[in-house]
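Engineer: Sequence unavailable; structure follows:
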Ligand code: 4H4
């Protein structure tokens, strides 16, 4: 089932490059992901086609006006209805939103789609948010100049989960967070790397961990799992607690963690 994203933006040109490179190109071409761009200025009226104005109460910056957004969303609803896409939820990108997680990305990848509202300026008139926004999503605790990069981030994260988009279907099983833990280290040729090759003069050679060359798939899987547990326990201990609470740590995992000197 294709995932449809109706994107409300003042800068549609920001999205073009992602429709022609990498994994997202394949998904766009295969129409597994259907991104429709809705330039907000097309729905602004008057000579100056205003989409923003000064904030009541004073203060710096500008606020995005309600009317152009209402007209734009109405056009999107008409298009969704005409295409039989159903009324898709409206997501607003904002630092005040709920932090995006891989679990939410997986839910969106399995759903029909969403309207992605890309704010600019100081933000959006609260009356539009109260009336039409279903979910506020944050990419992190920092402030961007617009919601377009968050929208592209979400489209990328959802797109790479579409069947047939990644070269190796198993690839995203190994992703960080796909099992709630951070990913293990990865190595490729050469089997032994002279330290000088990474710019460390006079250092010892850098071999690939021998277990990865052993051909023992069970031992390799165990090593990779233990690497995930060690890296996650050191960098994001709260993810270990969350995996434990979900009952996703085996007795073997718990034994390894108990021996881990943190
Ligand atoms: C919204 C900027 C609200 C400032 C915005 C404020 C993020 C983020 C983001 C364009 C919009 C910015 N979106 N995760 N982080 N007035 N979006 O910064 O609250 O400071 O998703 S405000």
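Structural biologist: Noted; the coordinates are in hand. Model, not experiment: these values are computed from the prediction. Numbering: from 1, shown residues only.

Engineer: Please report phi then psi for residue 97.
Structural biologist: Per-residue torsions, residue 97: phi -80, psi 180 (degrees, to the nearest 10).

Engineer: before we move on, what about the one 3 residues further on?
Structural biologist: As for residue 100, its main-chain torsions (degrees, to the nearest 10) stand at phi -70, psi 130.

Engineer: For the residue nearest to it when sequence neighbours are not counted, give its distance to the ligand.
Structural biologist: Of all residues not flanking residue 100 in the chain, residue 137 sits nearest, at 5.3 Å (C-beta to C-beta, 6 or more residues apart in numbering). Yep, even glycine has a C-beta here, placed from its N, CA and C like the rest. Separation of residue 137 from the ligand (C-beta to the nearest ligand atom, to the nearest Å) stands at 6 Å.

Engineer: For residue 137, name its beta-bridge partners.
Structural biologist: residue 98 (DSSP bridges).

Engineer: That one is in contact with residue 151, isn't it?
Structural biologist: No: Residue 137 is not in contact with residue 151 according to C-beta atoms under 8 Å; the separation is 9.5 Å.

Engineer: counting contacts, what elements does the longest helix anywhere in the chain pack onto?
Structural biologist: As assigned by DSSP state H, the longest helix anywhere in the chain is helix 217-235. Under the contact criterion of 3 or more C-beta pairs under 8 Å, 6 or more residues apart in numbering; DSSP states H and E, helix 217-235 touches helix 237-245, helix 251-259.

Engineer: Save the ones you listed as JSON lines, and put in distance to the ligand too.
Structural biologist: JSON lines is the format used below for these (distance: least, C-beta to the nearest ligand atom, whole Å):
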{"stretch": "helix 237-245", "distance to the ligand": "20"}
{"stretch": "helix 251-259", "distance to the ligand": "32"}
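
Engineer: does residue 202 count as helix, strand or coil?
Structural biologist: For residue 202, the secondary-structure state derived from DSSP: H, G, I helix; E, B strand; the rest coil is coil.

Engineer: tell me the pLDDT at the residue nearest to it when sequence neighbours are not counted?
Structural biologist: Spatial nearest neighbour of residue 202, chain neighbours left out: residue 195 (7.2 Å); criterion: C-beta to C-beta, 6+ apart. pLDDT recorded at residue 195 is 94.
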